[in-house]
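Asks: Got a sequence here, can you model it:
(one chain, ligands or ions: 1)
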Amino acid sequence: MNIKYPMAKPCLNREDEKEVMEVLRSGSLSLGPKTEKFEKLFAWYLGVRYACAVSSGTAGLHLMLLSAGIGADDEIITTPFSFVASANAILYVGAKPVFADIDPHTFNINPAEIEKKITKKTKAILVVHIFGQPADMDPIMKIARKHKIKILEDACESIGATYKGRKAGTFGEAAVFAFYPNKQMTTGEGGMIVTNSKKIYDMCDSLRNQGRGEDMQWLDHKYLGYNYRMDEMSAALGASQLKRLDFFIKERRKITGWYNAFFGNYPDMIQIPETARGNTHTWFVYVISLKNKNISRENVIRTLKKVGINSKPYLPSIHLLGFYKKQFGYKEKDFPVSEKISRQSLALPLYLGLKKKDVSVIGKEVVSVLK
Ligand SMILES: Cc1ncc(COP(=O)(O)O)c(C=O)c1O
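Replies: Numbers count the residues shown, from 1 in each chain. Take a look at the predicted model:
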């Protein structure tokens, strides 16, 4: 099938090519200066002390949790409305993800639900800033302070987004970003852990590189580590992309503005995404909600595909994924808001290069299918 409008596309240019080619020509493909440069630039962009580049966002979440001392028997409160990796990482370290339902407007974790879930075993809240918009951090931080628990952030989808002027990924003890090619900026595969804690940084630095000791001697393995290193080609691409991140975000805002203006004419059929007051959105994906419960979303997706438009049911609720149901006995109605959003949401193509007329073509097809 000829897909004219994919869901996502990276925006790559000559400068990116030049940077990656430079690495290839240098022959220094791993543990080199490009990774250090990317980390420095990234820490500067975010305004944090340390950044630690890793092979993926998932690897970053795993190391962040380990380095923050999360382990067996700990409970971590998090959202069921996320990409599965955020909850999986909690399981990797032997802890238990405890879900709290979401806010129906922003689709982020609902602070009022968090407090109900706190027990003696609660060690942290893993906040996920979903779709490009920060969670409601003031009440979340207040709860964390009151109960003396940590805040850790999965900011994989929300690079550059702000909450009351402060960037997502700067609220907790540490945070993780991801750079898969559908993200606002890409390194191919890749992720970044950020923190102001030297202890967390040192641990992540060691664990990503087979748990090597402080002086990083090749065969001195102090901890049970992993190979979660970012390679130099990815880091070079990351540093190059980061220079254009503000532009990427500006363009994404323009395109989503066109979508909002178009779908805003069909309020009976379609709920357009909401940005909470005090937030800026950096639009990882553009997600509408289909208001008519009797419409088959699968049918909508299939029909759009026939005319060359990709769309996705973003996101399923994690607690209803097979593995989670089997392991923890979750069932429908456990997290009704998340489930409702999961049933109705539809992500549409979003990438640089989409023109106003493309948005209008996609919009008209969506409306025509819904009619
Ligand atoms: C919220 C969230 N967490 C974690 C990840 C994992 O990132 P990666 O695919 O780089 O492992 C993603 C990736 O899409 C994500 O959206």
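
Asks: Kindly provide the distance from residue 59 to residue 343.
Replies: Counting by Cβ to Cβ, to the nearest Å, the gap from residue 59 to residue 343 is 31 Å. Backbone N, C-alpha and C define where each C-beta goes, glycine included.

Asks: likewise residue 286?
Replies: Counting by Cβ to Cβ, the gap between residue 286 and residue 343 amounts to 18 Å.

Asks: In terms of neighbours, single out the busier of residue 59 and residue 343.
Replies: Set residue 59 next to residue 343 and count neighbours by other Cβ atoms under 10 Å: residue 59 wins out with 27 against 14.

Asks: For the residue nearest to that one when sequence neighbours are not counted, which residues are in contact?
Replies: Leaving out its chain neighbours, the residue that sits closest to residue 59 by Cβ to Cβ, 6 or more residues apart in numbering is residue 228, at 3.9 Å. Listed by Cβ atoms under 8 Å, 6 or more residues apart in numbering, the contact partners of residue 228 are 54, 55, 56, 59, 60, 62, 63, 207, 208.

Asks: residues touching the fifth one, list them.
Replies: For residue 60, the contacting residues are 52, 54, 156, 176, 177, 178, 191, 192, 193, 228, by Cβ under 8 Å, 6+ apart.

Asks: out of those, which touch the ligand?
Replies: Restricting the contacts of residue 60 to those touching the ligand (Cβ under 6 Å from any ligand atom) yields 156, 178, 191.

Asks: Tell me how many other residues crowd the last one.
Replies: When counting by other Cβ under 10 Å, one arrives at 30 neighbours for residue 191.

Asks: do the first one as well
Replies: By other Cβ under 10 Å, 29 other residues sit near residue 156.

Asks: Run through the residues that contact the closest residue to it other than its chain neighbours.
Replies: Nearest residue to residue 156, sequence neighbours excluded (Cβ to Cβ, 6+ apart): residue 178, at 3.6 Å. Contacts for residue 178 (Cβ under 8 Å, 6+ apart) come out as 56, 57, 58, 60, 156, 157, 190, 191.

Asks: How about residues contacting the helix or strand residue 362 falls within?
Replies: Applying DSSP states H and E as the criterion places residue 362 in helix 356-370. The set of residues that contact helix 356-370 without belonging to it, under Cβ under 8 Å, 6+ apart, is 5, 255, 258-259, 262-263, 266, 269-270, 288, 290, 292, 295, 299-300, 303-304, 307, 309, 311, 346, 348-349.

Asks: buried set for stretch 132-143?
Replies: 132, 133, 134, 135, 136, 137, 140, 141, 143 (16 or more other Cβ atoms under 10 Å).

Asks: err, stretch 17-34, not the other one
Replies: For stretch 17-34, the buried set under the neighbour-count rule, 16+ other Cβ under 10 Å, comprises 19, 20, 23, 30, 32, 34.

Asks: Could you tell me the average pLDDT over it, please?
Replies: Mean pLDDT, stretch 17-34: 97.

Asks: Can you give the distance from that stretch to the centre of its chain?
Replies: 27 Å (Cα atoms, centre = their mean, to the nearest Å).

Asks: how far does that stretch stretch from start to finish?
Replies: Distance between the two ends of stretch 17-34: 14 Å, counting by Cα to Cα, to the nearest Å.

Asks: The closest residue to residue 111 other than its chain neighbours and residue 171, how far apart?
Replies: Take residue 111 and drop its neighbours on the chain: the residue closest to it by Cβ to Cβ, 6+ apart is residue 139, 3.7 Å away. Look at residue 139 and residue 171: by Cβ to Cβ, they are 12 Å apart.

Asks: the strands in this protein, which residues?
Replies: Here the chain has its strands, by DSSP state E, at 50-54, 75-78, 96-99, 122-128, 150-154, 162-163, 166-167, 174-178, 191-195, 270-271, 279-280, 286-290, 345-348.

Asks: Any chance of those in TSV with distance to residue 108 and mean pLDDT as columns?
Replies: What follows is the strands of the chain, written out as TSV (distance: least, Cβ to Cβ, whole Å; pLDDT from 0 to 100):
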stretch	distance to residue 108	mean pLDDT
strand 50-54	24	98
strand 75-78	11	98
strand 96-99	13	98
strand 122-128	7	98
strand 150-154	11	99
strand 162-163	10	98
strand 166-167	15	98
strand 174-178	15	99
strand 191-195	19	99
strand 270-271	16	97
strand 279-280	9	98
strand 286-290	13	98
strand 345-348	14	98
